[in-house]
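Trainee: A predicted structure for the sequence below; I have some questions about it.
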Amino acid sequence: MNRIRPVAIAIAAILTLGVASLVHAQTIQDTEETAAITGEITRIDVAGGTLTVKGPNDDGGTYTVDKDTGIMNGAKKIALKDLQKGWRVVVNYDTNAKGSFAKLIEVVEVQIP
């Protein structure tokens, strides 16, 4: 009898810990998708922090640009205000339930007027 009691307590503790870990399990609410688009800049809203790009198959969209977004023209880092409509860019972005957020914008072709 003295040996059964510690074994029963140990088994009860293990089961309690196993059930407790299941109770605290959480489901993923906001899934995030990472993608890239190459296209032409059709709109720049510096005040609103957005960039709209039209891709070759009418894909693309509007992307939020913030302080963490890298914007490159060749080896030179530039700002959102330095971009121009008509330029071709590659936008690496993350999409979640709140929208599409540009992580890196790279200029691939500059339109010279």
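Mentor: Okay, I see it. Predicted, not measured: the structure shown is a model, and the values here were computed from it. Residues are numbered from 1 along each chain as shown.
Trainee: CA only for contacts and neighbour counts going forward, please
Mentor: OK.
Trainee: Report pLDDT for residue 58.
Mentor: With respect to pLDDT, residue 58 scores 82.
Trainee: I'd like to know how many residues surround it.
Mentor: 9 (other CA atoms under 10 Å).
Trainee: Where does pLDDT dip in the chain?
Mentor: Counting by pLDDT under 70, the chain shows low-confidence ranges at 1-4, 7, 13, 15-31, 113.
Trainee: where do the helices sit along it?
Mentor: With DSSP state H as the criterion, the chain has helices at 4-23.
Trainee: Kindly list the longest strand within this structure.
Mentor: Ranked by residue count and defined by DSSP state E, the top strand of the chain is strand 33-45.
Trainee: Adjacent strands (with direction) for it?
Mentor: strand 50-54 (antiparallel), strand 88-96 (antiparallel) (DSSP bridges).
Trainee: you'd agree residue 77 is up against residue 69?
Mentor: No: with contact defined as CA atoms under 8 Å, residue 77 does not reach residue 69; the gap is 10.6 Å.
Trainee: In contact with the spatially most central residue of the chain, which residues?
Mentor: Centroid check for the chain by CA atoms, centre = their mean gives residue 94 as the closest residue, at 2.5 Å. With contacts defined as CA atoms under 8 Å, 6 or more residues apart in numbering, residue 94 is in contact with 32-35, 100-103.
Trainee: Then residue 81?
Mentor: 44, 46.
Trainee: since we're on residue 10, how many residues are nearby?
Mentor: 12.
Trainee: For the remainder of this discussion, apply numbering that starts at 14.
Mentor: Taking 14 as the first residue, the last one we looked at is residue 23.
Trainee: how far away is it from residue 57?
Mentor: Note on residue 23: its distance to residue 57, by CA to CA, to the nearest Å, is 64 Å.
Trainee: Over to residue 107?
Mentor: 19 Å.
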